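Engineer: Using only what follows, build the 3D model:
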Amino acid sequence: MNRQEKDLLINSLKQDFKDSKASFLVNYKGLSVKNLQSLRKELRLKDGELRVAKTRLVKLAIQDLPSYQPLSPFLKDQLAVVFSKNDPSMVAKTLNDFAKDQVAFQIIVGSVESQVVDKEAILAIASLPSREVLLAQLCGVLNAPISRLHNVANTLLKRLVIVLKQIEEKKS
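Structural biologist: Numbers count the residues shown, from 1 in each chain. Here you go, the predicted model:
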């Protein structure tokens, strides 16, 4: 790889770090090409991307990005970077599921919304429901008081109608 190609790769990695909502460092040493391809395919479905680059080039890419500087000490050995464009929980869930199936695959550390998170926090993120499910739950919580008020008002109206009907029956 010549100098121009390295510069292009560094700029591409830098842009990926800027554009992603989350990034995860993973150790893929010992995985077959077939397994990596299947992981890449699963990640693409979740708006994620797996990039393999030399750790020295990744260090150069994050050198100008202060929010990613804390990742530098973890850049050792044979690592890949997984970028999440939209929903970090879906990508973390995919990585967690893949790590359960593949013993050689390890999640090292990540950065979510410019906050460095360790493996345990990534596993906690992976256990969260998707964004759509969380929004649906929030709507349900917000809708509950209104529907309770509706039910109470409806019950009171039914009782009023029953009482009026009984009064009418007594008078006739």
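Engineer: domain assignment for the chain?
Structural biologist: 3-128, 129-172 (automatic domain parsing).
Engineer: hey, which of the ones you listed is tucked in deepest?
Structural biologist: domain 3-128 (a mean of 17; mean count of other Cβ atoms under 10 Å). Where you see a C-beta, it was placed from the backbone N, CA and C, and this is true even at glycine.
Engineer: end to end, how far does it reach?
Structural biologist: Start-to-end span of domain 3-128 (Cα to Cα, to the nearest Å) is 42 Å.
Engineer: rounded to a whole number, what's the mean pLDDT of that domain?
Structural biologist: Domain 3-128 carries an average pLDDT of 89.
Engineer: what's stretch 32-41 in contact with?
Structural biologist: Contact partners of stretch 32-41, identified using Cβ atoms under 8 Å, 6 or more residues apart in numbering, comprise Y28, E49, L50, T94, F98, Q102, F105.
Engineer: what do you get if the cut-off is 7 Å, keeping everything else the same?
Structural biologist: Y28, L50, F98, Q102 (Cβ atoms under 7 Å, 6 or more residues apart in numbering).
Engineer: for these, which one is nearest L149?
Structural biologist: F98 (46.8 Å; Cβ to Cβ).
Engineer: For the closest one, list the residues it contacts.
Structural biologist: F98 touches L39, F105, counting by Cβ under 7 Å, 6+ apart.
Engineer: ok so it is a helix residue?
Structural biologist: Yes: according to DSSP: H, G, I helix; E, B strand; the rest coil, F98 belongs to a helix.
Engineer: if I look at it, how far off is L75?
Structural biologist: 21 Å (Cβ to Cβ, to the nearest Å).
Engineer: quick one: what helix or strand has the nearest residue to V82 once chain neighbours are set aside in it?
Structural biologist: Leaving aside its sequence neighbours, V82 sits nearest to F24 (Cβ to Cβ, 6 or more residues apart in numbering; 4.4 Å). Element membership for F24 (DSSP states H and E) is strand 22-27.
Engineer: tell me the angle of the next helix or strand after that strand relative to strand 22-27?
Structural biologist: Next in sequence after strand 22-27, counting helices and strands by DSSP H and E, comes helix 33-45. Angle, helix 33-45 to strand 22-27, by axes from the mean of the first three to the mean of the last three Cα atoms, to 10 degrees: 170 degrees.
Engineer: list the contacts for the residue nearest to V82?
Structural biologist: With Cβ under 7 Å, 6+ apart, F24 has these contacts: V82, L95, I107, G110, I122.
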